[in-house]
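In: model this:
(one chain, ligands or ions: 2)
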Amino acid sequence: MATIELVGVSKIFERSGGRRVEAVKKLDLQICNREFVVLLGPSGCGKTTTLRLIAGLEEVTTGEIRIGGRVMNGTPAKDRDIAMVFQNYALYPHMTAYENMAFGLRLRGVNRSEIDRRVRDAAGILGITDILDRKPGTLSGGQCQRVAVGRAIVRQPKAFLFDEPLSNLDAKLRAQMRTELLKLHQRLQATMVYVTHDQVEAMTMGERIAVMHNGELQQYGTPIEIYRRPENVFVAGFIGTPGMNFLHGSLRCEGGRIYFQAADVDSFRISMSNFNGASRWMGRDLLLGMRAEDISPLGIGKAPNENTFLATVEFVETLGAESMVYMNIGEVTLVSRSREELDRREVGHRVHFEVNPERLYLFDPESSKRIYPE
Ligand SMILES: Nc1ncnc2c1ncn2[C@@H]1O[C@H](COP(=O)(O)OP(=O)(O)OP(=O)(O)O)[C@@H](O)[C@H]1O
Ligand SMILES: [Mg+2]
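Out: Residues are numbered from 1 along each chain as shown. Ligands and ions are numbered 1, 2, ... in the order given. Reported below is the predicted structural model:
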């Protein structure tokens with residue numbers, strides 16, 4: 001098994017007409033032996049390109065790729081000892097599941113009994129022993145996906161790369177396959193890199209998540225680090241369901257206390273007294289970040305205070321265990337997610353909401369970096 005390191009890796013594609021696309025920009029990424037790392041980001045941010053660079057299906061423009069400590073630039077894909085599982089499975093339609101799994105080993109000249117042992121082992125792990133003699137056309141999406149994973153397992157590679165392997169499956173099967181892939185990871189103790197644009201999938205599967213945007217790494221950390229301490233506005237907005245709420249405004253000092261004052265709404269003033277480094281940012285344009293679950297309707301009988309604000313309720317979605325309340329503050333819509341029930345009759349009315357003062361964020365809109373919590 002293996003560590004995977006990317007050092008200053010860039011990939012530029014030359015398109016027809018001389019246009020250049022920098023799909024991956026100066027990417028530094030260290031993936032530990034046996035780690036499960038998720039590459040997460042919106043469409044076109046360079047996730048697939050990064051995987052293909054690791055696999056050797058593309059050559060880097062600059063930088064270095066090391067696998068197990070060895071520089072792999074220039075080493076062809078077949079000699080990198082890495083297996084990649086694609087979104088579209090890429091199974092051979094005229095071969096049975098068994099033959100699909102065995103094919104790569106045959107090409108490598110592995111003997112028949114060893115191939116049979118490996119294919120049956122992998123099929124056992126994946127629960128597809130009874131479909132080995134069927135062709136992909138007769139299998140469900142989930143079964144095809146398992147065969148595709150099986151084809152990777154039989155190679156006994158140093159590392160596995162998965163490119164959105166579950167996106168063709170329905171929600172239920174996807175959740176089930178997620179758990180199965182995690183079990184597989186535990187069982188095989190292999191290094192795995194998993195690409196998705198689904199942040200829930202990333203949060204539930206990744207030991208660490210690398211968030212990418214426009215070919216650049218935005219943040220690399222555990223799910224909880226990324227959720228609790230997003231480095232910048234992009235990560236804060238991309239992670240979480242829904243993403244973080246943002247509001248423009250600035251810091252003010254009154255009576256020795258520090259407040260965040262919304263730019264266009266006089267009535268929105270929230271205490272920021274925990275911000276020790278506030279003096280540097282006084283009066284400058286800033287973005288306040290609040291997660292939906294850290295805003296809730298003010299409980300009955302509680303008095304408005306320096307952690308509350310007034311907003312006009314726009315609509316309420318009741319989800320059972322909790323409800324989502326969309327509200328307007330001037331031109332801005334914020335969303336709250338809380339267990340407090342809010343009557344639909346409140347729609348159109350001004351209601352007090354309370355923020356969790358321990359969970360506020362500030363970002364510098366110029367650099368987009370988080371400045372608070374420090
Ligand atoms: N072979 C290629 N030639 C030219 N441009 C390419 C090539 N492959 C990818 N690109 C461009 O590089 C950028 C990154 O593409 P990539 O496929 O890595 O994104 P992605 O994050 O995997 O997106 P998605 O979530 O849609 O799969 C895109 O702008 C894409 O158009
Ligand atoms: Mg892709």
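In: please make it C-alpha for all contacts and neighbour counts, starting now.
Out: OK.
In: list the buried ones in stretch 312-325?
Out: 312, 313, 314, 315, 316, 318, 323, 324, 325 (16 or more other CA atoms under 10 Å).
In: can you tell me the closest non-neighbouring residue to the last one?
Out: Setting aside the residues directly before and after it, residue 325 is nearest to residue 316 in space (CA to CA, 6 or more residues apart in numbering), at 4.6 Å.
In: would you check that the one you found makes contact with residue 322?
Out: No - look at residue 316 against residue 322 with CA atoms under 8 Å: they stay out of range, at 10.6 Å.
In: need the three-state assignment for the residue nearest to residue 325.
Out: Following DSSP: H, G, I helix; E, B strand; the rest coil, we place residue 316 in the strand state.
In: the one 4 residues further on now?
Out: Taken by three-state DSSP, the conformation at residue 320 corresponds to coil.
In: tell me how far it lies from residue 160.
Out: Distance, residue 320 to residue 160, using CA to CA, to the nearest Å: 39 Å.
In: returning to that earlier point: so what's the residue nearest to residue 325 up against?
Out: The contact partners of residue 316, taken as CA atoms under 8 Å, 6 or more residues apart in numbering, are 323, 324, 325, 326, 342, 344, 347.
In: make it 10 Å
Out: Residues near residue 316 by CA atoms under 10 Å, 6 or more residues apart in numbering: 323-327, 335-337, 341-347.
In: with residue 117 instead?
Out: By CA under 10 Å, 6+ apart, residue 117 lies in contact with 123, 154.
In: what about it, helix or strand, and which?
Out: Following DSSP states H and E, one finds residue 117 within helix 112-126.
In: would you mark the buried spots in that helix?
Out: Buried residues in helix 112-126 (16+ other CA under 10 Å): 115, 116, 118, 119, 120, 121, 122, 123, 125, 126.
In: what sits closest to the fifth one if chain neighbours are left out?
Out: It stands for residue 120. residue 129 (6.9 Å).
In: same deal with the third one?
Out: Sequence neighbours aside, residue 154 is the residue nearest to residue 118 in space, at 5.4 Å (criterion: CA to CA, 6+ apart).
In: burial count for that neighbour?
Out: 22 (other CA atoms under 10 Å).
In: now swap in residue 374 and tell me
Out: 10.
In: how close does it sit to residue 249?
Out: Distance from residue 374 to residue 249, by CA to CA: 19 Å.
In: distance of residue 23 from ligand 1?
Out: Distance of residue 23 to ligand 1, computed by CA to the nearest ligand atom, to the nearest Å: 4 Å.
In: name the SS class of that residue, please.
Out: Judged by three-state DSSP, the three-state class of residue 23 is strand.
In: my guess is it contacts residue 217, does it?
Out: No - using CA atoms under 10 Å as the test, residue 23 is too far from residue 217 to be in contact (11.6 Å).
In: can you work out which residues contact both of those two?
Out: 45, 46.
In: Provide a list of residues in contact with the residue in the stretch 101-250 of the chain that ligand 1 sits nearest to.
Out: Closest residue of the stretch 101-250 of the chain to ligand 1, CA to the nearest ligand atom: residue 197 (5.9 Å). By CA under 10 Å, 6+ apart, the contact list for residue 197 reads 38-45, 47, 164, 167, 211-212, 238.
In: pipe these into TSV and attach distance to ligand 1 per row.
Out: Listed next are those as TSV, based on distance: CA to the nearest ligand atom, whole Å:
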residue	distance to ligand 1
38	12
39	9
40	8
41	6
42	6
43	3
44	3
45	4
47	4
164	8
167	10
211	11
212	8
238	14
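In: how far away is the residue lying farthest from the centre of the chain from ligand 1?
Out: Centroid-distance maximum for the chain: residue 255 at 42.6 Å, with CA atoms, centre = their mean. To ligand 1, residue 255 is 49 Å away according to CA to the nearest ligand atom.
In: same deal with residue 70?
Out: 24 Å.
In: for that residue, give the beta-bridge partners.
Out: Note on residue 70: beta-bridge partners by DSSP bridges are residue 67.
In: ok, it touching residue 6?
Out: No - counting by CA under 10 Å, residue 70 does not reach residue 6; the two are 11.4 Å apart.
In: neighbour count winner among these two?
Out: Using other CA under 10 Å, the more surrounded residue of residue 70 and residue 6 is residue 6, with 21 against 13.
In: helix or strand: which one has the more buried one?
Out: Here residue 6 is assigned to strand 4-14, by DSSP H and E.
In: what comes up buried for that strand?
Out: For strand 4-14, the buried set under the neighbour-count rule, 16+ other CA under 10 Å, comprises 4, 5, 6, 7, 8, 9, 10, 11.
In: stretch 169-189 now?
Out: Quick answer for stretch 169-189 (16+ other CA under 10 Å): 174, 177, 178, 181, 182, 184, 185, 189.
In: put together a markdown table for these, with distance to residue 262 and secondary structure on each row.
Out: Below are the buried residues of stretch 169-189 laid out as a markdown table (distance: CA to CA, whole Å; DSSP: H, G, I helix; E, B strand; the rest coil):
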| residue | distance to residue 262 | secondary structure |
| --- | --- | --- |
| 174 | 41 | helix |
| 177 | 45 | helix |
| 178 | 42 | helix |
| 181 | 45 | helix |
| 182 | 44 | helix |
| 184 | 49 | helix |
| 185 | 47 | helix |
| 189 | 50 | coil |
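In: closest to residue 363 among the residues you listed?
Out: Of all these, the one with the least separation from residue 363 (CA to CA) is residue 178, at 33.6 Å.
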